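Peer 1: Below: sequence and its predicted model.
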Amino acid sequence: MLLAYNLRSKDKHFEVGEKVLILTPDSTASRAFNKWTALLLLWKFCPPYIYVVDVAGIMRHFDTNKLCNCHV
């Protein structure tokens, strides 16, 4: 059985050292108001979908869905 909601889905892949944007929650309580912020460098890849990013000197883990390419 073919599921229609995954028909056009693609995996995101980033390179170590690449600049990315992070999806962070806004100050409101609603999940609909998230912003792409914080232009940061990827530090390390932890398979299958986790990336380590240096955020102000602290290494934080982010899922691929929370990251976006930044084209400068």
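Peer 2: Received, thanks.
Peer 1: Every contact and neighbour count from this point should use C-alpha atoms.
Peer 2: OK.
Peer 1: And the next helix or strand past the longest strand that the chain contains?
Peer 2: If you go by DSSP state E, the chain has its longest strand at strand 34-46. With elements assigned by DSSP states H and E, the helix or strand that comes after strand 34-46 is strand 50-55.
Peer 1: Packing partners of that following strand?
Peer 2: When contacts are defined as 3 or more Cα pairs under 8 Å, 6 or more residues apart in numbering; DSSP states H and E, strand 50-55 sits against strand 34-46, strand 58-63.
Peer 1: So what are the sheet partners of it and their directions?
Peer 2: Strand 50-55 sits in its sheet next to strand 34-46 (antiparallel), strand 58-63 (antiparallel), going by DSSP bridges.
Peer 1: Can you tell me what sits against the longest strand of the chain?
Peer 2: Contacts with strand 34-46, where a contact means Cα atoms under 8 Å, 6 or more residues apart in numbering, come from 15-26, 51-55, 70.
Peer 1: what comes up buried for that strand?
Peer 2: Of the residues in strand 34-46, those buried under the neighbour-count criterion (16 or more other Cα atoms under 10 Å) are 40, 41, 42, 43, 44, 45.
Peer 1: Tell me, what's the model's pLDDT at the first one?
Peer 2: Looking back up the chat, that one is residue 40. Confidence per residue is given as pLDDT, and for residue 40 that number is 84.
Peer 1: Just grab the bridge partners of it for me.
Peer 2: Here residue 40 sits in beta bridges with residue 20, going by DSSP bridges.
Peer 1: Could you check how far it is from residue 5?
Peer 2: When Cα to Cα, to the nearest Å is applied, the distance between residue 40 and residue 5 equals 31 Å.
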